[in-house]
Structure formats: C-alpha cells, structure tokens
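Visitor: Build me a model from this:
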Amino acid sequence: MEIKLYNTLTRKIDEFKPLRSAQGKPSLGEVGIYSCGPTVYWNQHLGNLYAYVQWDTMVRFFRYLGYKVKWVMNITDVGHMTSDQDTGEDKMEKGAKREGVSVWDIAQKYINQFLESMDLLNIQRPDVLSRATEHIQDQIDLIKKIEAAGFTYRTKTGIVFDTAKFVDYDKFACLNLKDQYAGARVEVDEEKKQPCDFLLWVTNQPNHIMQWDSPWGRGFPGWHIECTAMSTKYLGNQFDIHTGGKEHIPVHHTNEIAQAYGAFGRQTANFWLHNEWLMINGQKISKSGGNIITVQDLVKKGINPLSFRYLVLTSHYRKGLNFSWESLEAAQTALNRLYETVANLETNVGAGDNDWQEKFVNAIADDLGFPQALATLWEMLKSDLPDKEKLALLMDWDRVLGLDLSVGALRAKPVQIQKIPEEIQKLADERETLRKEKKFKEADKVRKAIEDKGWVLEDTPAGPRLKKAI
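Guide: Predicted coordinates for the structure are as follows:
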C-alpha cells in the first residue's frame, strides 16, 4: 500500500515510508506522530477541533492498515504569549486574570473542556498527552544542548536563539524576513540581534506567576521550546510526522526546526502536515468576532456531536471548511440516514468485498482523501452487494471514520424500507441528470411531477432521497 501525503517540508506530495521497520513484529512498521495541542487558557472551539478530527482519522487509518502508532500531543500551560513572536502577555496569566482564579485552575478547567470535546467527537486520546509545566527540566536540558552548540546568546531578558547561525531559517516557511519584519519593534527584548530571534528561556520577569530555577536565572520557557523537547523525549530525535495548523508554519514550526538543528544538527520530523482553517460563514473564528462555537454548544442545541465529525470528513484537511448551521444540519441528516441504513441491514455480518475495500483505502491513502472515502461509502450502499457484505464493510470502515455506526444504529429506529416504483425512480434519475447539466428549470418540473405522484424527493449530502409523502 502506497500512502501519499503533502509534505510542507518539500512543498509536494511525497510517498510516506515509516522511519522504523516492524523489526519482526506483526505490523507494517512503527509511526511516530506529534501534534501541536491546545493552549489551555480558553475553550477549544470548532475551529481548533477541526484539526484534531483530521489527525485522529489519520492515526486511525495507520492503525487500520496495521502500523504501530505512537501519537503524542502537547498541552501548553505556560509560556505562550498573546503574540507568537515573544510579545504580549502570557496567555495563561491573561486567562487567570480574566476569571479571577489561579493559572493552575485555569489550566485544569480548559484541559477538562478539551478532553470532554475530544470524547464527544470520538477523537481517540493520544498515547501521550504532555503538559509543558510537567516537562520543565526536559526543556532546560534541550536549551543546554542548543547553547553548547553555539546557537544562542544572552540578553537581560533571557537566553535567545540566534537565527543568523542557522542559514536555512527562512527556508521551511519560504519567508522573506526583510519584508516580514520591516519596521518591527522588538518590544520584549531590545537587545535581540534580529527581530526573528526568539527566546528559549525568559528571565527577569518578577511579575510572572509561573517561574522555575534554571542555569540562566529564575524564569519560564519560551513557547517554541516545549514542542521540540516533548516530541523528541517521547518519539526520539527523528520521527515520522508533525502536524499543526497553517498558522504554525511561519513562526512556531519554523522555530522548532531551528531549535532541532541547534540541538541535533538536523530537523526532527520527516513529514510536516498542516491543516487549513475552519471558517464560520466565511469569517475567521475569534472571540472579538463573537462567532466561537464549542462542541458543548452543539450538545445544548440537541445536535449529535458526531454530525460535526461527519461534516469535517466531508472536507479535505488542506482545503478547510466553511461551517454554517445549514451545513451541519445537512451533515446530521446524512449521518442519521447512515444510522438508519445500518439498522435496516441484515445483522449477519459477512466478509466484506475486496474491490470496495481497495477503493476506500486508496481514497484515504491519497493524502487523506476522506471526502472521497465517504463518497465511496455511499456508492457502496447503493450497489447490489448483499446486505451482510455492506454491513461488514461499514463496520470495518468505521474503525477509521469513527462515526460509531454500530452504536448509532442501535439508537436509530428501524424503519420499513419502502419499495420505490420504477416510474418514480426513473423520474428521480432524470431530474439528477438535468441538475448536473445545470438545467434547473427542467429539473424543478420533474420534481413537481414526482410530488404530484405522492412522493417527496429530499436532497441530502449522500444524494437524492425518495420517500412516500405522508
């Protein structure tokens, strides 16, 4: 099986091969994956969770194929400033002031909200979920290595990574540093040699609540160092895949790569995968925009959270998703129809059809093509396969899709399958052809003819659906 992934490192789709072979184990190989996790100063919203659904399905797919996967995700609970470039207030302290509680209470509150959101969306817990504050010594040890290799200098504010010592600093993100930092003010540390130099350890900040002793003075780590420290602690100095949002490319991941070269003489991840954003009605999600929606908000509205998971799977991770309540309603309709279908299939599970299996797997192996995989699912259900083989494929594929089809089917009320007259089906097929040809007036006339004969035609994400009018 050839798996192809778009690698930000090379700016092209590369064939994926794990760095570690199976070594006699009954798996194809070992895959190490690191995902940039949440900064736990605020609720994780649908935009944040869009990415984690995508990476969860990728992890599921590798395991489905027989790979042994170790998935590591960090939790940032110190050191992430309101700007990604060392400026502003620590987000954790800002959250604590906003709610009048300690930073530790803020961290735990929003870790709990994140984990609950993951559970509601059936996102499997990473094998390692590591907090920055529990890995301070690992970060200090890594900074020592970078310092010993000559990639740092000291200022009154702390120890700084000297980006001029890493000649390929601008390569990963295709940066034009002169344009990016033109007129930039180095607000935090005026002693920086270049505006793009970044703090590894921050000192002389007496008002900062969270501080630890270090060789460079009492202080706290910069945001970027935690990911390099924790990814290499659990996955080794070289691992397979690093994931994150596209916003991480120009600063956070660029700095991670620089740190790795300073400490190890090479970058850590073989593949860097970045997701596009989820937008809401065409707008970026922001607190100031008042358009933050959480998974818990969906539950309050009586919406099955897995409808959002289904909606995410209809989008490609590199294209993003424009969320609307209408699109979520359509996704819930499609998911309910899928549950209903499972509930009405024969319960005697068969062996599954190899041709359909291959088509499903090949869709996902092509740069995580989950929209194509869903299309294959619906195409298979419309085929003339016996019920027991359809059911076998659905249960097998759900190991990757994570839609809880067996549980959802139990909750779905089985319905009597209506036999559609040949005349009605021909009209529905004719209308669909006219729609594809953009002959919408003619298509509307055919739809009216269907309704006049006592049938209702609904357009759903899974395709047109006929049912007898009540």
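Visitor: Tally up the residues packed near Glu430, please.
Guide: Residues lying near Glu430 (other Cβ atoms under 10 Å) number 15. In this view, the C-beta of every residue, glycine as well, is placed from N, C-alpha and C.
Visitor: Now do the SS call for it.
Guide: helix (DSSP: H, G, I helix; E, B strand; the rest coil).
Visitor: what's the answer for Leu129, then?
Guide: Following three-state DSSP, Leu129 is assigned to strand.
Visitor: ok, now the one 4 residues further on?
Guide: Applying three-state DSSP to Thr133 yields a three-state assignment of helix.
Visitor: begin at 574 from here
Guide: Okay, using 574 as the starting number, the last item reads as Thr706.
Visitor: That one touches Val651, doesn't it?
Guide: Yes - the criterion here is Cβ atoms under 8 Å, and Thr706 meets it with Val651 at 5.3 Å.
Visitor: Overlap of the contact sets of these two?
Guide: Met783 (Cβ atoms under 8 Å, 6 or more residues apart in numbering).
Visitor: So these two - more neighbours on which side?
Guide: Each of Thr706 and Val651 has its neighbours counted (other Cβ under 10 Å); Val651 has more, 26 against 20.
Visitor: wait, doesn't Leu966 sit right on Glu931?
Guide: No - between Leu966 and Glu931 there is no contact under Cβ under 8 Å: 11.3 Å.
Visitor: Please pull out the lowest mean pLDDT helix or strand from this structure.
Guide: Sorting the helices and strands of the chain by mean pLDDT, DSSP states H and E puts helix 750-753 at the bottom, at a mean of 58.
Visitor: Helices of the stretch 574-723 of the chain, start to end?
Guide: 619-638, 664-672, 676-693, 709-721 (DSSP state H, counting those that start in this stretch).
Visitor: which of those sits most buried?
Guide: When you average the neighbours per residue for each of the helices of the stretch 574-723 of the chain (mean count of other Cβ atoms under 10 Å), helix 619-638 leads with a mean of 22.
Visitor: So what's the residue count around the nearest residue to Asp711 once chain neighbours are set aside?
Guide: Closest residue to Asp711 apart from its sequence neighbours, by Cβ to Cβ, 6 or more residues apart in numbering: Ala802 at 4.5 Å. Here the number of neighbours of Ala802 (other Cβ under 10 Å) works out to 25.
Visitor: How much space separates Ala802 from Gly893?
Guide: To Gly893, Ala802 is 30 Å away according to Cβ to Cβ, to the nearest Å.
Visitor: what do you get for Gln710?
Guide: The gap separating Gln710 from Gly893 is 38 Å, by Cβ to Cβ.
Visitor: Likewise for Glu962?
Guide: Noted for Glu962: a distance of 35 Å to Gly893, by Cβ to Cβ.
Visitor: next one: Arg584
Guide: Counting by Cβ to Cβ - Arg584 and Gly893 are separated by 18 Å.
Visitor: Likewise for His847?
Guide: As judged by Cβ to Cβ, His847 and Gly893 stand 11 Å apart.
Visitor: When those two are compared, which one has more neighbours?
Guide: Between His847 and Gly893, His847 has the larger neighbour count (other Cβ under 10 Å), namely 20 against 17.
Visitor: Show the contacting residues for the nearest residue to that one once chain neighbours are set aside.
Guide: Of all residues not flanking His847 in the chain, Lys819 sits nearest, at 4.7 Å (Cβ to Cβ, 6+ apart). Going by Cβ under 8 Å, 6+ apart, Lys819 touches His847, Asn848, Glu849, Trp850.
Visitor: Just the pLDDT for the first one.
Guide: Looking at His847, its pLDDT is 98.
Visitor: Would you agree it is in contact with Thr816?
Guide: Yes - counting by Cβ under 8 Å, His847 does reach Thr816; the two are 7.4 Å apart.
Visitor: for the stretch 574-723 of the chain, which spans come out with low pLDDT?
Guide: Residues of the stretch 574-723 of the chain meeting the criterion pLDDT under 70: 595-600, 657-658.
Visitor: could you redo the last one with a cut-off of 80?
Guide: Applying pLDDT under 80 to the stretch 574-723 of the chain picks out residues 594-601, 654-661.
Visitor: Remind me which helix or strand Ala948 belongs to.
Guide: Per DSSP states H and E, Ala948 falls inside helix 943-954.
Visitor: Quick check: the gap between the residue most central in space within the chain and Lys963.
Guide: With distances taken as Cα atoms, centre = their mean, the residue of the chain nearest its centroid is Ala624 (1.9 Å). Applying Cβ to Cβ, the value for Ala624 to Lys963 is 32 Å.
Visitor: likewise Asn749?
Guide: Distance of Asn749 to Lys963, given as Cβ to Cβ: 54 Å.
Visitor: Contacts only, for the closest residue to Ser787 other than its chain neighbours.
Guide: Sequence neighbours aside, Ile713 is the residue nearest to Ser787 in space, at 5.3 Å (criterion: Cβ to Cβ, 6+ apart). Contact analysis of Ile713 by Cβ under 8 Å, 6+ apart lists Trp774, Ser787, Pro788, Pro794.
Visitor: try Gln945
Guide: Contact partners of Gln945, counting by Cβ under 8 Å, 6+ apart, are Ala936, Ile937, Asp939.
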